[in-house]
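Asker: One predicted model, sequence on top.
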Amino acid sequence: SMSPGDTSVLAGLYGPAEAKVSKELPDRAALEVLLRPKVGLPGVMERSREQLLRQTCEAVLLGVLHPRTAITLVLQVLSDAGSLLSCCLNAACMALLDAGLPLAALFCGVTCALQPDGTILLDPTARQEQEARAILTFAIASSERKVLMANTKGSCSVEEMQQCLAAAQRAADTIFQFYRDSVRRRYSK
Amino acid sequence: LSVCSRTVEPLEYYRRFLKENCRPDGRELGEFRTTTVNIGKCLCGIIIMGSITTADGSALVKLGNTTVICGVKAELAAPAADSASKGYIVPNVELPSLCAERFRSGPPGEEAQAASQFIADVIENSQMIVKEDLCIASGKLAWVLYCDIICLDYDGNLLDASVFALLAALKNVQLPSVTINEETGLSEVNLKQKNPLNIRKHPVATSFAVFDDTLLIVDPTAEEEDLATGTVTIVTDEEGRLCSVHKPGGSPLTGAKLQDCISRAITRHKEVKKLIDKVIKSITPK
């Protein structure tokens, strides 16, 4: 489970397990992501986020090592105080790490908020998100800090987007260090 | 003797073409398919097509073989309690089983729902229609625009065609003027006096498919989308501002490659805008 500030997401990963014949893929593992909101039933927004998360995970997961299996990732939102999508991304990556699945690279989620006066704020709170002109969420891969996933809300100019991307790439280093420390703590006992 | 079959080894077949910097349908890597637009009841291009007469605004867009039709219906409703001076725009993308084999009938699948969310985000981010414009009487009456985008033939690049169809249909919408009778408090709809919608921005989407982590091709067909390792969709408006950068996972891209996509999207925007303006001009004399 990940809790940056007050946003909290619990991730559970099941697999590689036997897949239903209708869902299995002959050459790779079939990844399914289920995102459950804190209140209410999953709607269209959750489906679109599930698609983002699924394709991001599929890009790093070496699914060809586990053909005809199913890997299910369930994310439950415990509390939402801003930067929810990047929290889900981080939770998903840590779950993949914890399960010991073969990965080509790690990824982390970073949210940037572009404030009305032009300053860039990383990991905004819910209030800062509402006041911001644009919110950009990136998933940055650990290999060469390339962009795995990008999602924007609100409009911004091209230069502003590039600045946010650069800021996100720098922030990724801190998050990857956090992954290292967590894993070290878990396995040093 | 190495015989490479399109059905047995599609990826190898495609790689051979990509090495020569072209695609099996004869296009260059950066070439778009021919776009045809049909708004309202006019005829554009060589094909004569009817349009939805029961909708308040409609448009049919063909990007190569991908055919998407958008119908806009306007209804009256009371605005929500917390936003009393805002109307509603409700987009819905449908991928019925007639458009491609892989879509089954039944509740909307993930792709249709994700596309609906994407269109809703584009409308919101680009502010192409400001919800305050749809309000007739604050707290009492507002317009609800139901935008139904239905794919009739799926050959890749659904998002581009949907955004284009939506934009064209909204430009075609004529809303009757509505006044509220002060004495009775009831609304009076004047069907004879119609006004077009105030569309502030014109967002245009450009999609790219990523092959083998390095090659970027524009306007992918369904076959190319299946073989691609990732997709990127960029939505720009006429001021060169980014309304949406939509990269749902897939192979990682460097910032420079992303910048390349954005520049191409801005060029594409200019071409599409010219096409829309040409079509609008051909129907306004009526």
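Answerer: Looks like it arrived, so ask away. Residues are numbered from 1 along each chain as shown, chains lettered A, B, ... in the order given.
Asker: Confirm that B:Lys257 sits in a helix.
Answerer: Yes: looking at B:Lys257 with DSSP: H, G, I helix; E, B strand; the rest coil, it is inside a helix.
Asker: Those residues of chain A touching chain B, which are they?
Answerer: A:44-45, A:47-48, A:50-59, A:105, A:134, A:136, A:139, A:141, A:143-144, A:146-158, A:161-162, A:165-166, A:169 (C-beta under 8 Å from any C-beta of the partner chain). Placement of C-beta: from N, CA and C, glycine included.
Asker: shaky segments in the chain?
Answerer: Using chain A here. Counting by pLDDT under 70, chain A contains low-confidence residues at A:1-5, A:189.
Asker: To clarify, I was referring to chain B.
Answerer: Confidence mapping of chain B against pLDDT under 70 gives the ranges B:1-4, B:37-53, B:185, B:283-286.
Asker: could you pull out the strands for it?
Answerer: Taking DSSP state E to define them, one finds strands in chain B at B:35-39, B:57-63, B:66-77, B:88-94, B:135-137, B:141-153, B:174-180, B:187-196, B:204-211, B:215-218, B:230-236, B:242-246.
Asker: Does anything pack onto the last one? Which helices or strands?
Answerer: Going back to what we said before, that points to strand B:242-246. strand A:147-153, helix A:158-187, helix B:110-126, strand B:230-236, helix B:255-283 (3 or more C-beta pairs under 8 Å, 6 or more residues apart in numbering or on different chains; DSSP states H and E).
Asker: go again using 7 Å as the cut-off
Answerer: Using 3 or more C-beta pairs under 7 Å, 6 or more residues apart in numbering or on different chains; DSSP states H and E as the contact criterion, the neighbours of strand B:242-246 among helices and strands are strand A:147-153, helix A:158-187, helix B:110-126, strand B:230-236.
Asker: coming back round to it: please render the strands of chain B as CSV that adds mean neighbour count to the earlier fields.
Answerer: What follows is the strands of chain B, written out as CSV (neighbours: other C-beta atoms under 10 Å in any protein chain shown):
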stretch, mean neighbour count
strand B:35-39, 21
strand B:57-63, 25
strand B:66-77, 20
strand B:88-94, 19
strand B:135-137, 18
strand B:141-153, 20
strand B:174-180, 15
strand B:187-196, 11
strand B:204-211, 25
strand B:215-218, 19
strand B:230-236, 25
strand B:242-246, 25
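Asker: would you list those in a markdown table and tack on distance to B:Ile276?
Answerer: Output for the strands of chain B, formatted as a markdown table (distance: least, C-beta to C-beta, whole Å):
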| stretch | distance to B:Ile276 |
| --- | --- |
| strand B:35-39 | 7 |
| strand B:57-63 | 10 |
| strand B:66-77 | 13 |
| strand B:88-94 | 18 |
| strand B:135-137 | 26 |
| strand B:141-153 | 17 |
| strand B:174-180 | 17 |
| strand B:187-196 | 14 |
| strand B:204-211 | 9 |
| strand B:215-218 | 19 |
| strand B:230-236 | 14 |
| strand B:242-246 | 16 |
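Asker: And those: which comes nearest B:Gln117?
Answerer: In terms of C-beta to C-beta, the element of the strands of chain B nearest to B:Gln117 is strand B:88-94, at 9.0 Å.
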